[in-house]
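> compute the structure for the input listed below.
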Amino acid sequence: MAQGAILVVGSLNMDQVVRVTRMPVVGETLLGAGSLKLVPGGKGANQAVAMARLGGQVAMAGRVGRDPFGERLLDALETERIDASLIVADQDEASGVAFIFLSPDGDNSIIVAAGANMQVGEDEEQFARILAVLRQASALVLQLEIPIETVKRLTKAAAEIGIPVILNLAPAQSLPRATLSEVSVLILNETEASILSGQRVESVEDARIVAAVLQGYGIKTVVITLGAHGALLVTIDDAGKMHNIYQAAPRVSVVDTTAAGDCFVGALTVALTEGQPPEDALRFAVHASALKVTKFGAQSGLPMREEVLASYHS
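Numbering: from 1, shown residues only. Down below sits the predicted model:
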């Protein structure tokens, strides 16, 4: 891994997407609209690709199966010039897959069969290789589609050597306070914030209250995404002063919301590792994720940096 690259440790899934007129109810069979689409995805891989397209130098660690999906998932990363040397082809498990039902308004329902993703960090040889390159990283980016124990161990290791940890709490799960206190930037949506804090998030003001609560866990920066309503970033500067920064989202025509959150994480990470001020980083991330929802597919719909910058003036 190149010195100063962003290290992503996370999931790779082959998304199997079916368009539906509405979501089926229990016991019902619906005919999909059009053909099955296969699109490279997985929260970790989506975030890695988003960072690469937005100007970041990226390496990724994870696991795939020894199957055609695994080969295609690796090809997708290499096409984006992402260092995939820390990705292992698992001997026993199949590549992860996600079954996505996409409605006409762009919303989705997703079921993930994790496969090899749930072996990330269980292989001590791979884990040792990840630790060996961690010192060279500008930041460590994690999500929760890999084993929680791996997330905890990597967060602790990064904190001990002073590498900032960006954690996307998705899919929503509880984590020990000790682990959360080692996180530099916590990114979560309204649902995830509600689950973690025990308080409902239904407005920007709710988000401000919950972000302050979560900062009490020892997290320097908490970011709560609010879908079409933008995002809120709460951070403490070096002087100990708290800043509440809100960024509204531009209005766009929604095609597919898949990976919008991953795009946000990728964009925010790139901007922060470049040293952009929090308000500029938040603006960049909100505009990037807004562009994502205008295009079909997880990785296929992720925007380029020039598109995001141009969207500021559109």
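> so L167: helix, strand or coil?
Using DSSP: H, G, I helix; E, B strand; the rest coil, the structure places L167 in strand.
> pretty sure it is touching L186, no?
Yes: the criterion here is CB atoms under 8 Å, and L167 meets it with L186 at 5.5 Å. C-beta: built from backbone N, CA, C; applies to glycine.
> the helices in the stretch 101-250 of the chain, which residues?
124-134, 148-161, 177-180, 190-197, 204-215 (DSSP state H, counting those that start in this stretch).
> what's the first one packed up against?
Applying 3 or more CB pairs under 8 Å, 6 or more residues apart in numbering; DSSP states H and E, one finds that helix 124-134 contacts strand 6-9, strand 58-65, strand 83-90, helix 148-161.
> helices or strands up against the last one?
Put plainly, it is helix 148-161. Against helix 148-161 (3+ CB pairs under 8 Å, 6+ apart) you get helix 124-134, strand 139-142, strand 165-168, helix 177-180.
> hmm, who's touching the third one?
Taking contacts as CB atoms under 8 Å, 6 or more residues apart in numbering, the residues outside strand 165-168 that touch it are 43, 47, 139-144, 151, 154-155, 158-159, 182-188, 261-262, 265, 268-269, 272.
> spatially central, which residue of the protein would that be?
Residue closest to the mean C-alpha point of the chain, counted by CA atoms, centre = their mean, is D262 at 3.5 Å.
> going by secondary structure, it is in what exactly?
Per DSSP states H and E: D262 is located in helix 260-273.
> show me what the helix or strand that that helix is followed by is packed against.
Next along the chain after helix 260-273, taking DSSP H and E as the criterion, comes helix 278-292. Helices and strands touching helix 278-292, by 3+ CB pairs under 8 Å, 6+ apart, are strand 221-225, strand 231-236, strand 242-247, helix 260-273, helix 305-311.
> got the contact list for the nearest residue to K37 once chain neighbours are set aside?
Leaving out its chain neighbours, the residue that sits closest to K37 by CB to CB, 6 or more residues apart in numbering is V17, at 4.4 Å. V17 makes contacts with 36-39, 100, 102, 258, 297, as judged by CB under 8 Å, 6+ apart.
> the helix or strand V17 falls within: partners in the sheet, and parallel or antiparallel?
Using DSSP H and E, V17 falls within strand 13-19. Strand partners for strand 13-19, identified by DSSP bridges, are recorded as strand 37-41 (antiparallel), strand 96-102 (parallel).
> got the angle between it and strand 58-65?
80 degrees (axes from the mean of the first three to the mean of the last three CA atoms, to 10 degrees).
> now strand 13-19: mean pLDDT?
Strand 13-19 carries an average pLDDT of 94.
> and stretch 162-178, which residues are buried?
Across stretch 162-178, burial judged by 16 or more other CB atoms under 10 Å covers 163-170, 175.
> could you work out the end-to-end span of it for me?
16 Å (CA to CA, to the nearest Å).
> repeat that for stretch 238-257.
This stretch, stretch 238-257, spans 36 Å end to end (CA to CA).
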